[in-house]
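A.B. asks: structure of the sequence below:
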Amino acid sequence: MKPSIIVSSSDLERLEGLLTLPAFRSRSDLDGLRAELERADVREPQDMPADVITMNSRARFVEEGTGREYELTLAYPKDANAEAHRVSIFSPAGSALLGLSAGQSIDWKSADGKEIRLKVLEVTWQPEANGQFEL
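C.D. replies: Residues are numbered from 1 along each chain as shown. Presented below is the predicted three-dimensional model:
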């Protein structure tokens with residue numbers, strides 16, 4: 001069962017806008033993100049809990065099977081950069097992380113098809129919690 005997720009109305013609006021662009025509209029690899037957005041509890045940016053991963057949030061995770069920890073920033077595709085630990089919302093990992101809260105876990109498949117369970121340890125920085133509603 002997938003964990004409940006919370007998405008800000010501004011993130012939802014921006015992501016739905018991107019998904020309707022000709023370059024992305026018919027990409028079936030983005031169907032998982034579309035499904036996540038459809039099931040999300042949508043809230044106004046100023047009402048977002050500070051421990052929820054929103055766009056441009058930075059969070060710490062642990063891979064439950066190995067104990068390996070990561071710190072990633074959830075980024076729009078144009079801002080994604082693996083070396084800077086900025087994961088694209090259009091990647092399977094990015095779409096799986098959107099809207100999760102500290103303490104929640106999610107299962108997803110890595111690029112090589114391996115099942116991985118990530119647990120959110122903490123949201124270390126969130127735009128909404130810092131009054132930055134336009135990021």
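A.B. asks: which of the residues in the longest strand along the chain are buried?
C.D. replies: In the chain, with assignment by DSSP state E, the single longest strand is strand 115-125. For strand 115-125, a neighbour-count test (16 or more other CB atoms under 10 Å) marks 116, 118-120, 123 as buried. (Each C-beta comes from the backbone N, C-alpha and C, glycine too.)
A.B. asks: would you mind measuring from the spatially most central residue of the chain to Met55?
C.D. replies: The chain has Leu98 as the residue nearest its centroid, 2.3 Å off, counting by CA atoms, centre = their mean. Look at Leu98 and Met55: by CB to CB, to the nearest Å, they are 7 Å apart.
A.B. asks: and for these two, which residues touch both?
C.D. replies: Among the neighbours of Leu98, those also in contact with Met55 (CB atoms under 8 Å, 6 or more residues apart in numbering) are 11, 74, 89.
A.B. asks: could you pull out the strands for this protein?
C.D. replies: Using DSSP E, strands in the chain cover 6-8, 41-43, 58-63, 69-75, 86-88, 105-109, 115-125.
A.B. asks: what's the neighbour count on Trp56?
C.D. replies: Just to correct that, residue 56 is Asn rather than Trp. Counted with other CB atoms under 10 Å, residues neighbouring Asn56 total 19.
A.B. asks: ok, now how distant is it from Ser110?
C.D. replies: Using CB to CB, Asn56 is found at 23 Å from Ser110.
A.B. asks: out of the helices and strands in the protein, which is least certain?
C.D. replies: Scoring the helices and strands of the chain by mean pLDDT, DSSP states H and E places strand 105-109 at the bottom, with a mean of 83.
A.B. asks: tell me the helices and strands packed up against that strand.
C.D. replies: Under the contact criterion of 3 or more CB pairs under 8 Å, 6 or more residues apart in numbering; DSSP states H and E, strand 105-109 touches helix 92-97, strand 115-125.
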